[in-house]
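> sequence plus predicted model, see below.
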Amino acid sequence: MKEYIIGIDVGTQGVRVALVQANGTVIQTVSTPFKLTARSREEQSPDMWWKHTLEALLEIRKQTANDIAPRAIKAIATTSTSGTVIPIDKNGIPLHDALMYSDTRSAEEGQYCKALAKQYNPDGFTGFNASCGLSKIRWFDKNYPEKTERIHKWIHAADFITGKLCGRFDITDYTNALKTGFDVDRYCWPDYLDRLITTTWLQEVVPSGTVIGELATDLAGALRLDKTKVVVGLTDGCASQLASGAVKPGDWNTTIGTTMVIKGVTRNKIIDPSGSIYCHRHPEGYWMPGGASNTGADWVSLDFDKKELPILNAHAARLLPTSHLAWPLKQKGERFPFTSPHAMGFAPPSISNEERYTANMEGVAYIERYAYEQIEGLSSEPVSAIFTAGGASNSAPWLRIRSSVLKKPIYKSREATGVLGAAIAAASKTIYGSMTEAVNHMTQITEEVLPEKELISIYEENYHQFIHLLIDKQYIATC
């Protein structure tokens with residue numbers, strides 16, 4: 001009998017559920033969107049998430065129940081946004097809408113949390129800001145004192161769905177707990193947290209992939225499932241990393257969407273004095289460092305007509321390498337791989353659209369290379385494999401540019417989505433023996449792009465000119 005798992009991804013604008021075979025083949029997906037408003041960037045209803053999740057689960061089983069037996073679906077896990085938190089009572093009922101990761105009202109509390117973390121736990125996570133769960137919990141405690149006495153636990157977005165599936169709301173995982181203050185070095189909630197919040201509100205923390213129960217009886221009946229295990233998931237960024245195939249030390253993933261997100265696996269923790277890189281804990285004890293750049297692929301849709309992209313890519317394939325230095329940063333300021341609040345993008349004047357398109361792709365590749373150089377310098381560990389996903393991976397000339405600039409092979413992943421990452425977590429200790437084993441069986445490389453000798457030397461020179469230009473503009477200090 002073939003074995004299957006279900007992954008759930010609760011995003012900012014909707015829920016996606018996927019039924020996945022144990023080899024990683026996505027059998028069926030159902031998405032249920034919800035409207036994004038100004039308020040929903042600050043608060044959203046967890047009950048609304050569950051309504052959409054249940055609708056998607058029921059639809060998945062409606063479409064597959066005749067072909068897939070109840071016992072064939074072995075496990076289910078959820079991923080969602082990092083830093084989104086919910087106060088619940090002892091029955092798991094939300095006492096307030098979820099405070100979203102994008103809610104900026106707790107900025108002042110974030111600074112206070114950061115100061116105490118640096119004072120009392122400087123070797124742990126100190127990058128607290130408004131997007132972190134700990135900051136939001138402290139902000140809520142100050143602004144809603146009438147609800148404080150009824151709080152049983154503070155949980156994360158993925159935990160709420162997990163709790164609705166099996167009734168356990170008291171457990172979370174390393175990746176969700178990090179921004180709520182969990183010490184992933186020592187595997188404990190640090191003592192200084194009692195200076196900030198009521199620590200009995202905090203959950204038990206376990207590795208992603210841990211089985212914590214089975215589907216509730218009534219839910220299992222409605223979904224026509226039997227003995228399906230409920231598994232602790234992980235944050236959306238970490239889920240996408242696993243889905244890309246980057247799971248072993250030396251593996252890294254670059255996802256170039258609106259922004260460029262780089263995540264990987266190291267044996268040792270990376271300590272970045274600038275704070276641009278922070279480290280999650282790998283379920284198997286390794287480290288999962290990463291950073292997010294303001295540089296990405298947003299310029300493609302902002303500056304070019306989507307209908308023209310095939311033609312532009314065809315021109316780029318003939319034009320590369322260019323001699324132009326461009327950086328398509330579409331907002332003021334950069335946060336990774338260097339911090340510069342005053343940084344602004346640039347491009348040569350009086351060049352054609354085709355040349356600007358190609359030079360922009362090269363500029364993003366230069367930023368990506370600088371990021372990996374910083375990572376190797378801080379970790380003293382080689383970057384051995386780069387997996388890629390996101391809109392940029394669909395451009396063949398961009399893949400060629402990146403591989404030759406980085407001087408490393410680039411592996412294009414079949415599907416590096418959060419919902420597949422959730423399914424991998426679900427399978428990791430139910431069908432397979434570890435997260436690494438699950439990733440090896442459930443991910444697939446669809447293309448390998450190798451550096452081209454005729455491009456490497458030219459891009460080497462252009463890259464150093466690009467870095468010197470950043471130094472001249474005082475965006476970075478030295479090479």
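Great, that's in hand. None of these values were measured; they are calculated from a predicted model.

> what separates stretch 279-294 from the chain centre, distance-wise?
Computed by CA atoms, centre = their mean, to the nearest Å, the chain-centroid distance of stretch 279-294 equals 10 Å.

> could you export that stretch as PDB, CA atoms only?
Extracted C-alpha coordinates of stretch 279-294, given in PDB (Å, rounded to 0.1, in the frame of the first residue of the first chain):
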ATOM      1  CA  CYS A 279      20.100  30.800  13.400                       C
ATOM      2  CA  HIS A 280      17.300  28.300  13.800                       C
ATOM      3  CA  ARG A 281      17.900  24.900  15.300                       C
ATOM      4  CA  HIS A 282      17.900  21.900  12.900                       C
ATOM      5  CA  PRO A 283      15.700  19.000  14.200                       C
ATOM      6  CA  GLU A 284      18.900  16.800  14.200                       C
ATOM      7  CA  GLY A 285      21.000  19.300  16.200                       C
ATOM      8  CA  TYR A 286      22.700  21.200  13.300                       C
ATOM      9  CA  TRP A 287      22.100  24.900  12.800                       C
ATOM     10  CA  MET A 288      19.900  26.600  10.200                       C
ATOM     11  CA  PRO A 289      21.200  30.100   9.700                       C
ATOM     12  CA  GLY A 290      19.700  32.500   7.300                       C
ATOM     13  CA  GLY A 291      19.100  36.100   6.200                       C
ATOM     14  CA  ALA A 292      16.800  38.100   4.100                       C
ATOM     15  CA  SER A 293      17.800  40.800   1.600                       C
ATOM     16  CA  ASN A 294      15.800  43.800   0.400                       C
END
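
> the stretch 151-300 of the chain: helices as residue ranges?
Using DSSP state H, counting those that start in this stretch, the helices of the stretch 151-300 of the chain run over residues 157-166, 174-177, 217-223, 236-244, 298-303.

> and T430, how far from V232?
Noted for T430: a distance of 12 Å to V232, by CB to CB, to the nearest Å. The C-beta positions use only the backbone N, C-alpha and C, and glycine is treated the same way.

> for the nearest residue to I73 once chain neighbours are set aside, give me the pLDDT.
Take I73 and drop its neighbours on the chain: the residue closest to it by CB to CB, 6 or more residues apart in numbering is Y4, 4.8 Å away. pLDDT recorded at Y4 is 98.

> burial count for Y4?
For Y4, the number of neighbouring residues by other CB atoms under 10 Å comes to 24.

> got a list of what it touches?
Contacts for Y4 (CB atoms under 8 Å, 6 or more residues apart in numbering) come out as 19-22, 27, 68, 72-74.

> who's in contact with the residue most central in space within the chain?
Nearest to the mean C-alpha position of the chain, by CA atoms, centre = their mean, lies G237 at 1.0 Å. Neighbouring residues of G237 by CB under 8 Å, 6+ apart: 82, 261, 263, 290.

> for I60, same thing?
Counting by CB under 8 Å, 6+ apart, I60 touches 6, 17-19, 28, 30.

> can you rerun that using 7 Å?
Contacts of I60 were listed using CB atoms under 7 Å, 6 or more residues apart in numbering, and they are 17, 19, 28, 30.

> using TSV, lay out the residues you listed together with distance to L470 and secondary structure.
As requested, these are exported to TSV (distance: CB to CB, whole Å; DSSP: H, G, I helix; E, B strand; the rest coil):
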residue	distance to L470	secondary structure
V17	43	strand
L19	47	strand
Q28	47	strand
V30	45	strand
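
> switch those over to CSV; also include pLDDT, neighbour count and distance to Y144.
Compiled in CSV, those are given as follows (pLDDT from 0 to 100; neighbours: other CB atoms under 10 Å; distance: CB to CB, whole Å):
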residue, pLDDT, neighbour count, distance to Y144
V17, 98, 28, 32
L19, 98, 23, 39
Q28, 96, 18, 41
V30, 97, 20, 35
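
> thinking again about what came up before, give me the distance between the residue nearest to I73 and E461.
Y4 sits 52 Å away from E461, going by CB to CB.

> narrow the contacts of Y4 to those in strands?
Among the contacts of Y4, the residues falling in strands (DSSP state E) are 19-21, 27, 73-74.

> in ChimeraX, select just the buried ones from those.
In ChimeraX, this line selects whichever of these come out buried by 16 or more other CB atoms under 10 Å:
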select :19,20,21,73,74
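
> residue boundaries of the strands in the stretch 1-150 of the chain?
For the stretch 1-150 of the chain, the strands defined by DSSP state E, counting those that start in this stretch occupy 4-10, 14-21, 26-33, 43-44, 73-80, 85-88, 98-99.

> CA atoms only: put the second one into CSV for me.
The C-alpha trace of strand 14-21 is given here as CSV (Å, rounded to 0.1, in the frame of the first residue of the first chain):
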residue,chain,number,x,y,z
GLY,A,14,-4.9,32.1,2.5
VAL,A,15,-4.5,28.4,3.4
ARG,A,16,-3.0,25.7,1.1
VAL,A,17,-3.4,22.0,1.8
ALA,A,18,-1.6,19.3,-0.1
LEU,A,19,-1.9,15.5,-0.2
VAL,A,20,1.6,14.2,-0.9
GLN,A,21,2.9,10.7,-1.6
